[in-house]
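Novice: Curious how this folds, go ahead:
(chains A and B, ligands or ions: 2)
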Number of protein chains: 2
Amino acid sequence: MPPPMILASLYGVLIAIGAGAFKLPFATTEPITWSDALFTSTSAVTVTGLIVVDTGTVLSLWGQMILAVMIQLGGLGLMTFAVLVLQALGLPVGLTPQLYLREDLNQTSMRNLTRLVGTILRVVLVFEAAGAVLLAFSFVPDFGWGMGIWHAIFHSISAFNNAGFSTFTPGLVPYSADPLVNLVVPLLFIAGGLGYVVFSDVFRERAKWSRYTLHTKIMLAGTAVLILWSVAMVALLEWNNPATLGAHESAGVRAMVAWFQAVTTRTAGFNTTDIGALHDSTSVMFISLMLIGGGSTSTAGGIKVTTFVIMILATIAFFRRRRELTAFGRSIGLEQVLKVMALTAISVILVFVGVFAITAAHEGDFLDIAFEVASAFGTVGLSRGFTGELNEPGRLMIMAIMFLGRVGPLTLGFFLATRTIPRVRYPEGQVHLG
Amino acid sequence: MPPPMILASLYGVLIAIGAGAFKLPFATTEPITWSDALFTSTSAVTVTGLIVVDTGTVLSLWGQMILAVMIQLGGLGLMTFAVLVLQALGLPVGLTPQLYLREDLNQTSMRNLTRLVGTILRVVLVFEAAGAVLLAFSFVPDFGWGMGIWHAIFHSISAFNNAGFSTFTPGLVPYSADPLVNLVVPLLFIAGGLGYVVFSDVFRERAKWSRYTLHTKIMLAGTAVLILWSVAMVALLEWNNPATLGAHESAGVRAMVAWFQAVTTRTAGFNTTDIGALHDSTSVMFISLMLIGGGSTSTAGGIKVTTFVIMILATIAFFRRRRELTAFGRSIGLEQVLKVMALTAISVILVFVGVFAITAAHEGDFLDIAFEVASAFGTVGLSRGFTGELNEPGRLMIMAIMFLGRVGPLTLGFFLATRTIPRVRYPEGQVHLG
Ligand SMILES: [K+]
Ligand SMILES: [K+]
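Specialist: Ligands and ions are numbered 1, 2, ... in the order given. The predicted structure is shown next:
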């Protein structure tokens, strides 16, 4: 079986195990259907966060713990998880995952595999522990020591893995004016969304920008620009919407909600305001952000920031009549553009087919449907309220899109990792475009 | 001034002249506003066919004649039109348009410029004359000799130029069961949508498929596949919709309406059924067809069939781990992928910005808005009824999108035509995608 098939099957097995676990009597406070269990498990493993049963009330504490484990396993990524398991079992790590990991780490040789796994483990543990401790300062006063700490741990795991699940029924809306939550949760999911490659690079080179790899530079600069853009746009569009930012008297709180809701949209999926009450224009902008997503080899979904940046660079290069792409003093090979093209094309086709299939199978407002599909593809988890309305075929489709949104780019990585030399060279033909 | 600016300005001037003409007292049966006149002129010059005043009742016979002239000038394309004018005036044709035309005709040398212009003129005259004669058989019995022949001429011009305007208030709905109209009108707009490059090639090589250029092969094969796909989909989705295909008793008529409505959607924009009554799923499929459009150097809009085909080929090549694109025994250079990427990116961004801007400025159903924007970008002219609801900012935006949809790809052609060698070569960097 080729590696991508194995990976996809592994994800499928994990989802099935999760669904079985959620069906255990002690996992829920009331019986849930297999459909509910499977949807919840898929949403957790793909770190999406769309829900059909309320995490805070329907899942018991045991159920929430199962959910946290599923999120952590799904968020680590199967590639990394597989290597960790193999190492823990003392088994040799095969050539294919090693090649992929080497590809992941750029200039790193095969021997640095252990260092990567070490980096990942360290990063996860440090961030999630720090996040839990900090969030406890907000949650313990409201829920007491026991549940306060549990809420802090759960939200730290959910945030760093960009899962967007919350043990609170209204999500983080009650903490929309809490500065600590508004700082810690976004820092966790932004960090988690950058990707281990970036962490590894930043750890190795410390704060020396000039020595970062091209990938790290594009990721950091691209993420910064996307954050500034989205915060400004949310503030601009929603400042006076009485159902969202306008619900808060203070300009400071409005700015805080704008910040939180803007950064969470690319992939984390938490909300501190009512997503269904956003203007249509804001929803359209959110759809574009959800499709872009976060970083490669991270817990984020979407076509990824690097893919988006190279698409923009290619467009600019084209307008400037350049045949070569450059960024930060490095050229980007045209075969990279082929990858970008393919990734973008399959993504656009997937989203189109998803929207088409759901409108064909289901009554519903078109914007709600498009938003839901983009949310599932970007493994974001924001919803204008359509998840609850989904019928069985609709649920199946959203589950399939979440699965492809998470598995697709990862497994495609295997295709990217191996290069073949074409056997026949054809004479070049000319085609008119546009 | 760079050539693309000149071209855009020429279009602008033509639109302004058209608007002035529609404001003439004898052009309309009742006074129309400048906004109406400008919108109509823009829609005509960009061969879109979206209307804010009824062509059949508000425009006088003179107004309809002005409209036909605007459509013909807009449909010919400014590039070709400019060359025709220069030649008619006996002025020398500059190097830039010649280079572009040579690029257009593939293996043709500079001396064959006259042949291209000859081909275009011949193609236009032959098709439009034949179309008018054939359509007269349907229209003369209903409207008498005078108006019957005028309706035939107008629809022939409108069809061959993919304009989609109709002098009948309900469009071609009354002729939905007329076999002649269902054959002649689609043949005209499919031929017009293939592009002059394809005509030139087919004329030169007659029926010898093996000697056609790569461009011609991709266009003919791609168009055939798209037609089969869209007819099958429309029939499948709408067969039992009582407001569209289901309104007709006979299966033959239903098949005929499915055929007509499927082939008209990529860019022609005529309708023989109620577009607003289509299912949402059909509307989503129509949006994708409108974005794809027709052929380069044709009267069609959209990203173009060749661009779409190469996008698909690039995706397949990527999945097959090929670094080289091939089609019909010819390789397609990776720098072509750069063009495809850029064209697709600006198109996606343009459509997103358009939808965003209109939802921000205007109340309205999201599907109606998305459909309207796709229709304007693809210069299609189908509408779910939103054109009539547009306020002034909305009209301006749709006009801008029609303009960019028509001018954009053409002027971009100039960028494509010239190639620059990069002055500095940078070392290659590696970026993680997806
Ligand atoms: K998420
Ligand atoms: K049209």
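Novice: Contacts only, for A:V380.
Specialist: A:48-49, A:164, A:265-269, A:290, A:293, A:301-302, A:374 (C-beta atoms under 8 Å, 6 or more residues apart in numbering or on different chains). In short, each C-beta sits where N, CA and C put it, glycine included.
Novice: buried subset of those residues?
Specialist: A:48-49, A:164, A:265-269, A:290, A:293, A:301-302, A:374 (16 or more other C-beta atoms under 10 Å in any protein chain shown).
Novice: export the residues you listed to CSV and tack on distance to B:H248, secondary structure and pLDDT?
Specialist: Below are those laid out as CSV (distance: C-beta to C-beta, whole Å; DSSP: H, G, I helix; E, B strand; the rest coil; pLDDT from 0 to 100):
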residue, distance to B:H248, secondary structure, pLDDT
A:T48, 44, coil, 91
A:G49, 47, coil, 89
A:G164, 49, coil, 88
A:T265, 46, coil, 88
A:R266, 48, coil, 86
A:T267, 48, coil, 83
A:A268, 51, coil, 85
A:G269, 47, coil, 85
A:M290, 41, helix, 92
A:G293, 46, coil, 86
A:G301, 45, coil, 79
A:G302, 44, coil, 84
A:A374, 37, helix, 93
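Novice: Kindly report the residues of chain A close to ligand 1.
Specialist: A:49, A:162, A:164, A:269, A:381 (C-beta under 5 Å from the ion).
Novice: and if we set it to 6 Å?
Specialist: Where chain A comes near ligand 1, counting by C-beta under 6 Å from the ion, the residues are A:47-49, A:162-164, A:267-269, A:379-381.
Novice: Now distance to A:G148 too, for those, in TSV please.
Specialist: Converted to TSV, the residues of chain A next to ligand 1 look like this (distance: C-beta to C-beta, whole Å):
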residue	distance to A:G148
A:V47	24
A:T48	26
A:G49	22
A:N162	23
A:A163	20
A:G164	21
A:T267	27
A:A268	22
A:G269	23
A:T379	28
A:V380	27
A:G381	24
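Novice: I'd guessed A:M290 sits against A:V373; true?
Specialist: No: taking contacts as C-beta atoms under 8 Å, A:M290 lies outside contact range of A:V373: 9.4 Å.
Novice: returning to what we had before: out of the buried ones among the contacts of A:V380, who's nearest ligand 2?
Specialist: Ligand 2 lies nearest to A:A374 out of these, by C-beta to the ion, at 29.1 Å.
Novice: Now for the closest residue to A:V185 other than its chain neighbours: which residues touch it?
Specialist: Nearest in space to A:V185, with sequence neighbours left out and distances taken as C-beta to C-beta, 6 or more residues apart in numbering or on different chains, is A:A159 at 4.7 Å. Each residue near A:A159 by C-beta under 8 Å, 6+ apart is listed here: A:131, A:184-185, A:188-189, A:192, A:268, A:270.
Novice: quick one, phi/psi of whichever residue of the stretch 301-434 of chain A sits closest to ligand 1?
Specialist: Nearest residue of the stretch 301-434 of chain A to ligand 1: A:G381, at 4.0 Å (C-beta to the ion). Dihedral pair for A:G381: phi 100, psi 0, per degrees, to the nearest 10.
Novice: what do you get for A:I332?
Specialist: According to degrees, to the nearest 10, A:I332 has phi -110, psi 120.
Novice: surely it meets A:L325?
Specialist: Yes: contact criterion C-beta under 8 Å: A:I332 and A:L325 qualify, at 4.0 Å.
Novice: Give me the common contacts of the two.
Specialist: Joint contacts of A:I332 and A:L325 (C-beta under 8 Å, 6+ apart) are A:310, A:313.
Novice: picking up where we left off before, and for the residue of the stretch 301-434 of chain A closest to ligand 1, the neighbour number?
Specialist: 31 (other C-beta atoms under 10 Å in any protein chain shown).
Novice: can I assume it is in contact with A:A374?
Specialist: No: A:G381 is beyond contact range of A:A374, at 11.2 Å (criterion: C-beta under 8 Å).
Novice: Secondary structure class of A:N240, three-state.
Specialist: Here A:N240 is coil, with the state taken from DSSP: H, G, I helix; E, B strand; the rest coil.
Novice: what about it, distance to ligand 2?
Specialist: To ligand 2, A:N240 is 39 Å away according to C-beta to the ion, to the nearest Å.
Novice: Contacts only, for that residue.
Specialist: A:G246.
Novice: For B:G394, see how far away it is.
Specialist: Distance, A:N240 to B:G394, by C-beta to C-beta, to the nearest Å: 21 Å.
Novice: picking that back up, tell me the pLDDT at the residue of the stretch 301-434 of chain A closest to ligand 1?
Specialist: Note for A:G381: predicted pLDDT of 88.
Novice: list the contacts for A:V309?
Specialist: By C-beta under 8 Å, 6+ apart, the contact set of A:V309 is A:218, A:222, A:327.
Novice: try 6 Å this time
Specialist: A:218, A:222 (C-beta atoms under 6 Å, 6 or more residues apart in numbering or on different chains).
Novice: cool, and the one 5 residues further on?
Specialist: Under the criterion of C-beta under 6 Å, 6+ apart, the neighbours of A:A314 are A:325, A:337, B:338, B:341-342.
Novice: Can you show me the helices along the stretch 51-200 of chain A?
Specialist: Taking DSSP state H, counting those that start in this stretch to define them, one finds helices in the stretch 51-200 of chain A at A:61-76, A:78-88, A:95-104, A:113-160, A:179-194, A:196-205.
Novice: need the ones you listed in CSV with mean pLDDT, can you?
Specialist: Output for the helices of the stretch 51-200 of chain A, formatted as CSV (pLDDT from 0 to 100):
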stretch, mean pLDDT
helix A:61-76, 90
helix A:78-88, 66
helix A:95-104, 55
helix A:113-160, 88
helix A:179-194, 90
helix A:196-205, 77
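Novice: JSON lines for those helices, including distance to A:A361?
Specialist: Below are these laid out as JSON lines (distance: least, C-beta to C-beta, whole Å):
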{"stretch": "helix A:61-76", "distance to A:A361": "26"}
{"stretch": "helix A:78-88", "distance to A:A361": "30"}
{"stretch": "helix A:95-104", "distance to A:A361": "36"}
{"stretch": "helix A:113-160", "distance to A:A361": "30"}
{"stretch": "helix A:179-194", "distance to A:A361": "32"}
{"stretch": "helix A:196-205", "distance to A:A361": "38"}
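Novice: right, so of the ones you listed, which gets closest to A:G354?
Specialist: helix A:61-76 (20.2 Å; C-beta to C-beta).
Novice: Which residue lies nearest the spatial centre of chain A?
Specialist: Taking C-alpha atoms, centre = their mean, the centroid of chain A lies closest to A:A300, which sits 2.3 Å from it.
Novice: quick one: the residue nearest to it when sequence neighbours are not counted and ligand 2, what's the gap?
Specialist: In this structure, A:A300 finds its nearest non-sequential neighbour in A:G294, 2.4 Å apart by C-beta to C-beta, 6+ apart. As judged by C-beta to the ion, A:G294 and ligand 2 stand 40 Å apart.
Novice: now A:L10
Specialist: Distance from A:L10 to ligand 2, counting by C-beta to the ion: 50 Å.
Novice: what's the answer for A:I316, then?
Specialist: For A:I316, the distance to ligand 2 - C-beta to the ion - is 30 Å.
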